[in-house]
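Undergrad: here you go, sequence then predicted model.
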Amino acid sequence: LEKYGKLTGPISDTVGLFFPPATWPNKAAKIFSSVTKMSGSGKKVDIDATREKVNELLAKSGKRIVVVIDDIDRLDSDEIHQIFKLVKNVAHFNNVSYLLAFDQVVVSKALSNRYPSNPRIGGNFIDKIVQLPLYVPEVDQSLLNKFLTEELDKIIVQNKLVISDEDMSRFQSVYFVRDAEELFDTPRKVVRYLNTVDFSFERLGNETSFTDTVLIDLLRNFSPDLYQLLARNKQILLGQAVHGQRGDGEQEFARKAIFGDKDPTTLEVTIIKELFPTLEWAFGGPGYAGDFTKGWEAERRICSEKYF
């Protein structure tokens, strides 16, 4: 197979990534070893003859080989095209099947980008390569919610977190009532977020409010630009004002400092207001007097000087 790859051109550099003999059963490894020895004399070997020899050895092996290539849609356009060229060149071998996992819309667009004069060519290219398409349905949102809450419970137990009823109600209000759950439309996003939360509580434990920590990690994962801006605007975020003392100009300045030039989503505004009631005035809400800060500090809130 290595020899066949060399004969078929530059794509051979990729073949080795998908056919490491050490990972195969011994019998299958011997097949490719035989092919290598067969072509090691340095004589020019005809591509068709080599292919037939590989097919013969594979047929005699009695083994079926399944090559799984996952996350193809996460590659760039050139890499996606190369993967499909690889499969096209070697897919006809006996007893070898390919399982290709990808988002068809993303991959079709990536393939079409190589041929801008024919935007439909990406889908046609996929149809010629994939003989049996199997479409995985979207995961039901209720299952993703269940998975997230169950794993959060495990993190709470593992890190021995002490959470007040009020703190838990704050979290549930933002997540379930104000549509934060819509961010988690795939299991991968849930797992990535949970990894961040687990890492945070391993370091912080009970030092900070549970709700504040999980909401900050929500921004860290899904609004990284906003997350970065928070660290640079401590004075604005922790500032206090009585409603009516600051005009529209000051409100606009504060909002732009926090959100930058882009228009924030409704959820982003909700999270910021939940994390920093000290910034309510910038959205037309009330200001808060100094007595509130003592309560926020007692609750280990990020809106207090001590826990920012």
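TA: It's in. Fair warning: this is a prediction, and the values are worked out from it, not measured in the lab.
Undergrad: so the residue lying closest to S77 once chain neighbours are set aside versus V136, what's the distance?
TA: In space, and not counting its chain neighbours, S77 is closest to A110: 4.3 Å by CB to CB, 6 or more residues apart in numbering. All C-beta atoms are positioned from the backbone trio N, CA, C, and that covers glycine. According to CB to CB, to the nearest Å, A110 stands 19 Å off from V136.
Undergrad: with T211 instead?
TA: 34 Å.
Undergrad: and those two? Which one has more around it.
TA: T211 (25 against 6; other CB atoms under 10 Å).
Undergrad: and the helix or strand hosting the more buried one, what does it pack against?
TA: Taking DSSP states H and E as the criterion, T211 maps to helix 210-222. Helix 210-222 makes packing contacts with helix 165-172, helix 187-204, helix 224-231, helix 266-275 when contacts are defined by 3 or more CB pairs under 8 Å, 6 or more residues apart in numbering; DSSP states H and E.
Undergrad: how about that helix: buried residues?
TA: With burial defined by 16 or more other CB atoms under 10 Å, the residues of helix 210-222 counted as buried are 210-222.
Undergrad: for it, give me every contacting residue.
TA: 152, 156, 161, 163, 167-168, 170-171, 174, 180, 183, 189, 192-193, 196-197, 200-201, 204, 226-227, 230, 268, 271, 274-275, 300-302, 307 (CB atoms under 8 Å, 6 or more residues apart in numbering).
Undergrad: what subset of these is buried?
TA: 152, 156, 161, 167, 170-171, 174, 180, 183, 193, 196-197, 200-201, 204, 226, 230, 268, 271, 274-275, 300-302, 307.
Undergrad: next one: stretch 299-308 to chain centre, how far?
TA: Remark: stretch 299-308 is offset 30 Å from the chain centroid, using CA atoms, centre = their mean, to the nearest Å.
Undergrad: and it, C-alpha only, in CSV?
TA: C-alpha atoms of stretch 299-308 as CSV (Å, rounded to 0.1, in the frame of the first residue of the first chain):
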residue,chain,number,x,y,z
GLU,A,299,-22.2,36.5,49.0
ARG,A,300,-18.7,36.4,47.4
ARG,A,301,-20.0,38.2,44.3
ILE,A,302,-17.8,39.4,41.4
CYS,A,303,-19.4,42.8,41.6
SER,A,304,-17.5,43.5,44.9
GLU,A,305,-14.0,44.9,45.1
LYS,A,306,-12.8,41.9,47.0
TYR,A,307,-13.9,39.2,44.6
PHE,A,308,-13.6,40.9,41.2
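Undergrad: what distance do you get for the residue nearest to Q158 when sequence neighbours are not counted to P133?
TA: Closest residue to Q158 apart from its sequence neighbours, by CB to CB, 6+ apart: D198 at 7.7 Å. Counting by CB to CB, the gap from D198 to P133 is 36 Å.
Undergrad: of those two, which one has the most company?
TA: Neighbours were counted for D198 and for P133 using other CB under 10 Å; D198 has more, 16 against 9.
Undergrad: so the more buried one sits right up against I156, yeah?
TA: No - using CB atoms under 8 Å, D198 is not in contact with I156; the gap is 10.3 Å.
Undergrad: roughly how far apart are Y98 and E79?
TA: Counting by CB to CB - Y98 and E79 are separated by 16 Å.
Undergrad: neighbour count winner among the two?
TA: Neighbour count, other CB under 10 Å: between Y98 and E79, Y98 has more, with 18 against 13.
Undergrad: picking that back up, can I get the helices and strands packed on helix 210-222 in a markdown table including distance to P116 and mean pLDDT?
TA: Output for the helices and strands packed on helix 210-222, formatted as a markdown table (distance: least, CB to CB, whole Å; pLDDT from 0 to 100):
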| stretch | distance to P116 | mean pLDDT |
| --- | --- | --- |
| helix 165-172 | 47 | 89 |
| helix 187-204 | 31 | 95 |
| helix 224-231 | 31 | 91 |
| helix 266-275 | 35 | 91 |
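Undergrad: turn these into a markdown table, columns for distance to H92.
TA: Converted to a markdown table, these look like this (distance: least, CB to CB, whole Å):
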| stretch | distance to H92 |
| --- | --- |
| helix 165-172 | 55 |
| helix 187-204 | 33 |
| helix 224-231 | 45 |
| helix 266-275 | 50 |
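Undergrad: returning to what we had before: what's near enough to touch the residue nearest to Q158?
TA: I155, Q158, N159.
Undergrad: one more time with 10 Å, if that's ok
TA: E151, L152, K154, I155, Q158, N159, D217 (CB atoms under 10 Å, 6 or more residues apart in numbering).
Undergrad: out of those residues, which sit inside helices?
TA: E151, L152, K154, I155, Q158, D217 (DSSP state H).
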